[in-house]
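> sequence-free structure coming up:
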């Protein structure tokens, strides 16, 4: 059984500490005089909604929570479909989950913190243009142009500057033209060299 949290304590002697005097950084316990690193925070208080007690049968209008028979269900679990009340609702932004499905997902590491993946196309285009400059044999110019176009759109949507991806597109275009010119000269050299 877990103990109820009663406030900040010294990690060495477990003596209670005054929350008002805690500050971020290295502190000294006033009781045992040992130093510890503190990181105070103010957790958001969880807002619980009062839900009426279920007075209907399962065949009636109100559905009961699968874990709390006297609470009315406010939603169902996205994963298993169980009816859950506001106390059981584990909403992580991707849907509502019952506590057991949430624990399973957390153990399997399928609960994603952000839920989104961000690709910085501007940086990708600058990287491709730089690689093309350093190693002219690699045909990365078209990638720099493509990612540069996507980077300009992305930066405009974010309200950021577009100079980096524009320069990368120019360099990528020059690299592509240089690559095409090199291939053309190689082909011409092979054609004229083979007939003389």
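Thanks, I have it. All values derive from a computational prediction rather than experimental measurement.
> domains of this protein?
9-41, 50-110, 121-183 (automatic domain parsing).
> between those domains, which gets the lowest average pLDDT?
The stretch with the lowest mean pLDDT among the domains of the chain is domain 50-110, at a mean of 78.
> Just name the most buried of the domains of the chain.
domain 121-183 (a mean of 18; mean count of other Cβ atoms under 10 Å). For every residue, glycine as well, the C-beta is placed using N, CA and C.
> Could I get the full set of strands for the chain?
When secondary structure is read from DSSP state E, the chain shows strands at 25-28, 35-38, 75-76, 83-84, 90-91, 96-97.
> Tell me which of those strands lies nearest to residue 10.
Residue 10 lies closest to strand 35-38 among the strands of the chain, at 6.6 Å (Cβ to Cβ).
> Can you list the strands that that closest one pairs with?
Paired neighbours of strand 35-38 in the sheet (DSSP bridges): strand 25-28 (antiparallel).
> can you list contacts of the strand it pairs with?
Contacts with strand 25-28, where a contact means Cβ atoms under 8 Å, 6 or more residues apart in numbering, come from 34-38.
> Residue 189: which of those residues is nearest?
Lowest distance from residue 189 to the contacts of strand 25-28 (Cβ to Cβ) belongs to residue 37, with 68.2 Å.
> List the contacts of that closest one.
Going by Cβ under 8 Å, 6+ apart, residue 37 touches 25-27.
> ok, 10 Å please
The contact partners of residue 37, taken as Cβ atoms under 10 Å, 6 or more residues apart in numbering, are 11, 24-27.
> Which of the contacts of strand 25-28 sits closest to residue 90?
residue 38 (29.6 Å).
> follow-up on the earlier one: adding distance to residue 146, write the strands of the chain out as a markdown table.
Shown next, in a markdown table, are the strands of the chain (distance: least, Cβ to Cβ, whole Å):
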| stretch | distance to residue 146 |
| --- | --- |
| strand 25-28 | 47 |
| strand 35-38 | 47 |
| strand 75-76 | 43 |
| strand 83-84 | 46 |
| strand 90-91 | 38 |
| strand 96-97 | 39 |
